[in-house]
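In: Structure here, sequence nowhere to be found:
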């Protein structure tokens with residue numbers, strides 16, 4: 001929901017990516033990606049000269065990318081530290097990038113100062129740079145790194161567990177080491193798959209649905225009809241951006257203490273509120289709900305009802321039998337342990353199933369590519385046959401010619417990979433002394449193969465399995481290091497290294513596909529990725545640092561920013577190092593049940609076909625509210641309901657402007673985080689506390 005729009009870095013399918021990244025969550029924007037093109041796109045642009053690759057890299061493009069990168073980093077970071085559900089912001093990035101530069105060039109044109117017109121190639125550079133920049137916030141790659149493995153190292157999260165909370169397994173956030181860590185691990189994946197770009201895009205003809213959808217979007221913007229629609233969409237986005245920002249400002253006045261404000265309004269009564277069922281008036285989650293597929297939102301609601309409506313009340317009735325009655329609510333040896341570890345079991349079950357599935361697709365596709373070189377398709381993921389092959393062949397011929405014109409030398413990619421690997425292996429042990437240099441070397445030996453598998457599988461299915469490879473690193477490196485040598489911290493650090501490599505590899509290949517379809521040079525795509533990644537390595541830690549310093553309850557369960565995946569990832573690492581000793585009574589049995597259930601549900605979904613699968617919940621989405629509660633699921637279902645009604649009234653208008661409305665709601669509320677953080681740092685407190693207490697709490 002993903003490098004999840006899944007801007008997220010790319011965005012779309014609720015694959016196993018924690019933090020359901022729309023980049024993996026790219027469902028909504030890729031629905032029509034596989035439809036046939038009945039008109040030649042390149043004939044529309046035939047009269048326009050394609051600028052040289054250096055001319056595609058303009059100052060204005062990177063200036064706009066920087067501004068949008070900061071905006072989207074705040075949005076992604078906020079979502080990362082609240083629910084971990086990141087919708088695709090690709091549409092917003094492409095739309096706003098087009099609008100800003102188009103306005104810029106129009107002003108210069110009227111002034112007689114315009115030297116270079118705005119092209120779709122430059123628009124592609126902006127899109128690539130923005131998602132590369134904000135994608136770092138989504139992990140230092142994919143999967144919410146700041147909200148998962150990075151913050152999971154902190155003392156705040158370590159204190160929530162009685163195991164492995166000693167000094168050698170704790171590393172608190174600091175601006176210096178976070179920036180250094182991201183710089184030494186975020187570029188390696190970019191070099192690992194560069195030599196394979198022709199094989200993946202031209203020879204294998206992989207689809208890369210997110211990259212293809214982005215290309216269609218950019219191509220459409222630069223037609224007269226598309227530009228007219230884009231202006232209307234930007235106006236709509238601006239209106240809802242303003243509303244969302246002002247609504248966030250209004251709500252701030254009522255949040256003078258803990259548990260205050262509209263976000264704690266007991267919409268369905270105090271009993272439901274105590275079990276985290278309420279509508280919290282969040283414009284962000286309503287917007288996310290409008291972007292995410294209906295099935296995601298319903299799955300979240302089903303998971304919330306199953307856990308907070310049925311399971312947790314029943315388990316709490318066994319307090320004193322299954323776990324000690326005198327434990328505090330946050331202890332992992334009490335009710336919190338069931339919430340966290342059962343959610344982990346579902347995440348691992350879903351991840352394992354999708355890993356095997358996508359790996360199977362990859363092996364099957366490679367087998368057919370090798371055995372039948374004349375075949376134009378890989379596997380029956382999309383229909384490449386077309387009744388208008390002549391027009392398609394013109395497009396492909398034009399695109400292939402330009403894609404192969406600006407080569408990136410293989411020696412450059414190999415030398416870059418080896419150099420960065422040596423620097424990284426020498427540097428990382430100084431940042432994390434528990435992560436020995438030979439652990440890093442082993443990761444980098446296997447990383448190119450895993451990066452290829454991830455990039456290939458993503459090209460077939462749009463699913464990036466970065467977090468699965470990250471979990472593999474958690475368990476293997478953590479167990480190798482051992483409990484007595486800081487294995488928990490070593491596992492979390494290794495997770496970050498692995499996820500950065502494999503996710504940036506698939507992201508770059510998505511960008512190559514987008515560039516292929518917009519005639520943007522592979523060199524400009526690569527340089528844009530490098531610059532965007534470098535900007536993200538500075539911007540994302542700074543934004544996280546602002547959250548960390550401004551909100552002192554960051555990472556605390558039940559707070560405004562609970563960072564749920566930080567505790568989840570830390571406990572995965574503890575399980576990998578110390579086994580199941582941390583689990584309360586009967587928790588392991590329940591974990592087995594839900595692990596198997598996640599695998600079975602996924603298998604049933606694949607067995608019954610796409611039409612019937614629309615009515616079967618997704619285990620990955622169901623797992624998220626097990627720990628957090630149902631409040632955000634209710635908000636997202638409200639967003640789905642708004643879009644559903646709008647579609648029934650005027651489907652064409654809803655399809656055209658729904659993403660703009662949703663993006664405006666998300667962006668406005670997200671950017672309000674900046675002034676609210678500054679107010680918190682300055683010690684300016686809201687004047688009013690609006691709070692609702694149960695009779696029991698009031699009497700207490």
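Out: Yep, it's here. It should be emphasised that the depicted structure is a prediction, and the values quoted were computed from it without experimental measurement.
In: mind listing what the spatially closest residue to residue 590 that is not a sequence neighbour touches?
Out: Distances taken as Cβ to Cβ, 6 or more residues apart in numbering place residue 342 nearest to residue 590, at 5.6 Å, with adjacent residues excluded. Any C-beta I mention is one placed from the backbone N, CA and C, and that applies to glycine too. Residues near residue 342 by Cβ atoms under 8 Å, 6 or more residues apart in numbering: 307, 311, 587, 590-591, 594, 626.
In: now swap in residue 469 and tell me
Out: Residue 469 neighbours (Cβ under 8 Å, 6+ apart): 450, 454, 498-499, 502.
In: could the residues you listed go into JSON lines alongside secondary structure?
Out: Converted to JSON lines, the contacts of residue 469 look like this (DSSP: H, G, I helix; E, B strand; the rest coil):
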{"residue": "450", "secondary structure": "helix"}
{"residue": "454", "secondary structure": "helix"}
{"residue": "498", "secondary structure": "helix"}
{"residue": "499", "secondary structure": "helix"}
{"residue": "502", "secondary structure": "helix"}
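In: And those, which is closest to residue 518?
Out: residue 454 (23.6 Å; Cβ to Cβ).
In: tally of neighbours for the closest one?
Out: The number of residues packed near residue 454 is 31, by other Cβ atoms under 10 Å.
In: element containing the residue nearest to residue 539 when sequence neighbours are not counted?
Out: Using Cβ to Cβ, 6+ apart and skipping the chain neighbours, the partner closest in space to residue 539 is residue 73 (5.2 Å). Secondary structure assignment for residue 73, by DSSP states H and E: helix 59-80.
In: So which bits of that helix are buried?
Out: Neighbour-count burial for helix 59-80 flags 60-62, 64-66, 68-80 (criterion: 16 or more other Cβ atoms under 10 Å).
In: just stretch 48-60 next, same as before
Out: 50-51, 53, 56-58, 60.
In: which residue sits closest to residue 161 in space, ignoring its chain neighbours?
Out: Going by Cβ to Cβ, 6+ apart, residue 161 has residue 332 as its nearest residue, at 5.2 Å.
In: returning to what we had before: closest one to residue 526 out of the buried residues of stretch 48-60, please.
Out: Residue 526 lies nearest to residue 53 out of these, by Cβ to Cβ, at 9.5 Å.
In: Show me where the stretch 1-150 of the chain has its strands.
Out: Secondary structure of the stretch 1-150 of the chain (DSSP state E, counting those that start in this stretch): no strands present.
In: so where do the helices sit in it?
Out: When assigned using DSSP state H, counting those that start in this stretch, the helices of the stretch 1-150 of the chain occupy the ranges 41-44, 59-80, 90-111, 120-137.
In: Measure how far whatever helix or strand comes next after the last one is from the centre of its chain, please.
Out: Yep, that's helix 120-137 we're talking about. Downstream of helix 120-137, the next assigned helix or strand under DSSP H and E is helix 155-158. Distance, stretch centre to chain centre, for helix 155-158: 23 Å (Cα atoms, centre = their mean, to the nearest Å).
In: The helix or strand following helix 155-158 packs against which elements?
Out: Note on helix 155-158: by DSSP H and E, the next helix or strand toward the C-terminus is helix 175-185. Here helix 175-185 touches helix 410-431, helix 487-518, helix 522-550, going by 3 or more Cβ pairs under 8 Å, 6 or more residues apart in numbering; DSSP states H and E.
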